[in-house]
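**Q** got a sequence here, can you model it:
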Amino acid sequence: MALSANLFLRQHQSLVMTPQLMQSIQLLQMTHLELMSFISQEVEKNPLLDMATDEGEQAAEPRTNGGDEMSSATQNESSSGEEGGGSSASLDSEWYEPGHGNSLNDRLDANFDAALSDEGTAIRADAPELLGQWKSMPGGGSESGDSYDLDDFVAGQISIRDHLNQQVPFALAKPGDRLIAAVLTDHLDEAGYLRVDLCEIAARLGEAPERVSAVLETLQGLDPPGIFARSLSECLSIQLSQRNRLDPAMQALVDNLELLAKRDFCSLKKLCGVDEEDLIDMLSEIRKLNPKPGSGFENTILESVIPDIVVRPAPDGSWRVELNSDALPRILINQNYVTAVGKGSKASDKDQAFLSECLQNASWLTRSLDQRARTIVKVASEIVRQQDAFLRYGVDHLRPLNLKTVADAIKMHESTVSRVTSNKYMLTPRGLFELKYFFSVSINSAEGGDNHSAEAVRHRIRTMIAQESADAVLSDDDIVHTLKSTGVDLARRTVAKYREAMNIPSSVQRRREKRAMAKVAAI
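**A** So this is what the prediction gives:
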């Protein structure tokens, strides 16, 4: 076979993942906070991008306009002064002449004699004016409907360590004991427990373990009760001791908390040496204690979830799906700045290339954000159409839904729908839900009708268990039969799996707890 060089023409298609396409995909799955952080970085890097303010497109105006406006305003003031027959000399005379100084001070609200006088009437009279000035400030609660930010009036939170450090000087007099107390306080966890070996602390400080134990015993008497405990049993014992309720029977109950967790009340009665009525009183006393004394001083910042989609009922009975304006990033391309820089004849080729690249990136970002918003609205609209019964009647009518159903309806890929529904929230008349909430597994119907959603079935199980009485506790088999009578074909092991996922105990444990609660209520 002879070797020769031949020329062939072939045609094929391939998807090339450019950096801009990859960033567009990343923008689609970003949360609101991540998106705002990304846009802030782009605005900082790109001089052609501006964040749109509440006043509209004023943020896109070039900075040179500010000087022109200032100069024009100055000219207007000077011209109005000349038309009124005054001049700069007449203006200066108002400051210095005795006959005009008081009137000018009154107009400028600068009457220092009245403000600094011993009589407080002038200051009290100016209070409403100050209130009006505060209302006119941005976010100052004006009468036009603008509300002030309540976060500006939130008091500072005191941490558990600050709270304890205020009490230590009154409990310990020696500086060495206070040093040990400071070290022990630094080792407290969020729940207020001391998770450290005292011998290790004593060796580190060069003190005797007995002295560290004595300091710890003193610290365990501080507020809140149960602080500096090394276990749950010790935490409850400290609180019961401060209430003068730590008798031998209660100590036996605290030492066997694992039996209490299993609701093995028969074994607890034998160990504590009490009858059923006394055991119920002891359990009610245990419920009044705080197992986590340090949780009240937790300094975690609660972040409110901003919905991306808002669903409202329309006048014609349908649903109106809108993007939340608070979660919608607004960026503008400063065309005036582009024009001003482009007219410069002294710009070098390097500067022109940089400007062209910035303009290209800015145009791509605006198009990507617009495409992101359209995709979110399209996916959310299809979800609302599929879950119309849920929005009208509640979780019992939640339909089974998967990504493929939505993707086929809107002619998109499943991966795109998955990225859109990740960490995106929808505000509905039923509450705030993540978009992933509307996708659930399908459960077959026992009567051959429409399938049921797994979330709706879990809600039914939770409702049935909440309505059961102490004398008629439902077992997993009873729940299976009840669901089958309503058209839900579910296996017993699936019911047990759903029940355990919702942290619902078994029927035996529920029966013990409900009977105990009934006896406590009767007493």
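**Q** for residue 361, which non-adjacent residue is spatially closest?
**A** residue 46 (6.0 Å; Cβ to Cβ, 6 or more residues apart in numbering). Where you see a C-beta, it was placed from the backbone N, CA and C, and this is true even at glycine.
**Q** pLDDT weak spots in this structure?
**A** The chain contains residues with pLDDT under 70 at 1, 53-156, 298-303, 342-347, 446-450, 519-523.
**Q** with only the CA atoms kept, save the helix or strand containing residue 513 in CSV.
**A** Element membership of residue 513, judged by DSSP states H and E, is helix 507-522. Provided in CSV are the C-alpha atoms of helix 507-522 (Å, rounded to 0.1, in the frame of the first residue of the first chain):
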residue,chain,number,x,y,z
SER,A,507,-45.5,4.1,68.8
VAL,A,508,-44.3,2.6,72.1
GLN,A,509,-42.3,5.7,73.1
ARG,A,510,-45.1,8.0,72.0
ARG,A,511,-47.6,6.0,74.1
ARG,A,512,-45.4,6.3,77.2
GLU,A,513,-44.8,10.0,76.7
LYS,A,514,-48.5,10.8,76.0
ARG,A,515,-49.7,9.0,79.1
ALA,A,516,-47.1,10.7,81.3
MET,A,517,-48.1,14.1,79.9
ALA,A,518,-51.8,13.3,80.5
LYS,A,519,-51.1,12.5,84.1
VAL,A,520,-49.1,15.7,84.5
ALA,A,521,-52.0,17.7,83.0
ALA,A,522,-54.5,15.9,85.3
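**Q** what residues of it count as buried?
**A** 507, 510, 511, 512, 513, 514, 515, 516, 519 (16 or more other Cβ atoms under 10 Å).
**Q** need those in JSON lines (columns: distance to residue 248).
**A** Converted to JSON lines, these look like this (distance: Cβ to Cβ, whole Å):
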{"residue": "507", "distance to residue 248": "34"}
{"residue": "510", "distance to residue 248": "31"}
{"residue": "511", "distance to residue 248": "29"}
{"residue": "512", "distance to residue 248": "24"}
{"residue": "513", "distance to residue 248": "25"}
{"residue": "514", "distance to residue 248": "29"}
{"residue": "515", "distance to residue 248": "26"}
{"residue": "516", "distance to residue 248": "22"}
{"residue": "519", "distance to residue 248": "23"}
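**Q** list just the nearest of these to residue 245.
**A** Nearest to residue 245, judged by Cβ to Cβ, of the buried residues of helix 507-522 is residue 516 at 18.9 Å.
**Q** does residue 310 count as helix, strand or coil?
**A** strand (DSSP: H, G, I helix; E, B strand; the rest coil).
**Q** in contact with it, which residues?
**A** 321, 322, 323, 324, 426, 427 (Cβ atoms under 8 Å, 6 or more residues apart in numbering).
**Q** tell me the strands beside the helix or strand in which the fifth one is found, with direction?
**A** For residue 426, the element it lies in under DSSP H and E is strand 425-428. In its sheet, strand 425-428 lies beside strand 309-313 (parallel), strand 431-434 (antiparallel), with partners assigned from DSSP bridges.
**Q** ok, which of these comes nearest residue 235?
**A** That would be strand 431-434 among these, by Cβ to Cβ, at 35.7 Å.
**Q** then the closest one to PDB, C-alphas only?
**A** Output of strand 431-434 as PDB, limited to C-alpha atoms (Å, rounded to 0.1, in the frame of the first residue of the first chain):
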ATOM      1  CA  GLY A 431     -45.100  31.100  52.800                       C
ATOM      2  CA  LEU A 432     -41.400  31.300  51.700                       C
ATOM      3  CA  PHE A 433     -40.100  28.100  50.000                       C
ATOM      4  CA  GLU A 434     -37.000  27.100  48.300                       C
END
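**Q** would you list the contacts of residue 310 in JSON lines and tack on neighbour count?
**A** Formatted as JSON lines, the contacts of residue 310 follow (neighbours: other Cβ atoms under 10 Å):
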{"residue": "321", "neighbour count": "22"}
{"residue": "322", "neighbour count": "13"}
{"residue": "323", "neighbour count": "16"}
{"residue": "324", "neighbour count": "15"}
{"residue": "426", "neighbour count": "25"}
{"residue": "427", "neighbour count": "18"}
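**Q** closest one of those residues to residue 158?
**A** Nearest to residue 158 among the contacts of residue 310, with distances taken as Cβ to Cβ, is residue 427, at 34.2 Å.
**Q** who's in contact with the closest one?
**A** Contacts of residue 427 (Cβ under 8 Å, 6+ apart): 307, 309, 310, 311, 324.
**Q** pretty sure the fourth one contacts residue 391?
**A** Yes: A contact is recorded between residue 311 and residue 391 when judged using Cβ atoms under 8 Å, the distance being 7.0 Å.
**Q** what segments of this structure are strands?
**A** Assigned by DSSP state E, the strands in the chain fall at 49-51, 309-313, 319-323, 331-333, 425-428, 431-434, 442-443, 452-453.
**Q** now the second one - C-alpha only, PDB.
**A** By that I understand strand 309-313. Taking C-alpha atoms only, strand 309-313 is exported to PDB below (Å, rounded to 0.1, in the frame of the first residue of the first chain):
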ATOM      1  CA  ILE A 309     -39.400  35.300  43.000                       C
ATOM      2  CA  VAL A 310     -42.700  36.800  44.300                       C
ATOM      3  CA  VAL A 311     -46.000  35.000  43.500                       C
ATOM      4  CA  ARG A 312     -49.200  37.000  43.900                       C
ATOM      5  CA  PRO A 313     -52.800  36.200  42.900                       C
END
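**Q** neighbour-wise, which of residue 311 and residue 391 wins?
**A** residue 311 (22 against 16; other Cβ atoms under 10 Å).
**Q** if I look at the closest residue to that one other than its chain neighbours, how far off is residue 460?
**A** Distances taken as Cβ to Cβ, 6+ apart place residue 428 nearest to residue 311, at 4.6 Å, with adjacent residues excluded. Look at residue 428 and residue 460: by Cβ to Cβ, to the nearest Å, they are 21 Å apart.
**Q** before we move on, what about residue 467?
**A** 11 Å.
**Q** these two: which is more packed in?
**A** Shown here are residue 467 and residue 460; by other Cβ under 10 Å, residue 460 has more neighbours (20 against 9).
**Q** contact partners for that one?
**A** Contacts of residue 460 by Cβ under 8 Å, 6+ apart are 396, 483, 486, 488.
**Q** now, among those residues, which is nearest to residue 362?
**A** Once Cβ to Cβ is applied, the member of the contacts of residue 460 that ends up nearest residue 362 is residue 396, at 48.9 Å.
**Q** okay, now that closest one: neighbour count?
**A** Neighbours around residue 396, by other Cβ under 10 Å: 15.
**Q** how about the contacts made by the closest residue to it other than its chain neighbours?
**A** Spatial nearest neighbour of residue 396, excluding adjacent residues (Cβ to Cβ, 6+ apart): residue 456 at 5.5 Å. If a contact means Cβ under 8 Å, 6+ apart, then residue 456 has 395, 396, 397, 398, 440 as its contacts.
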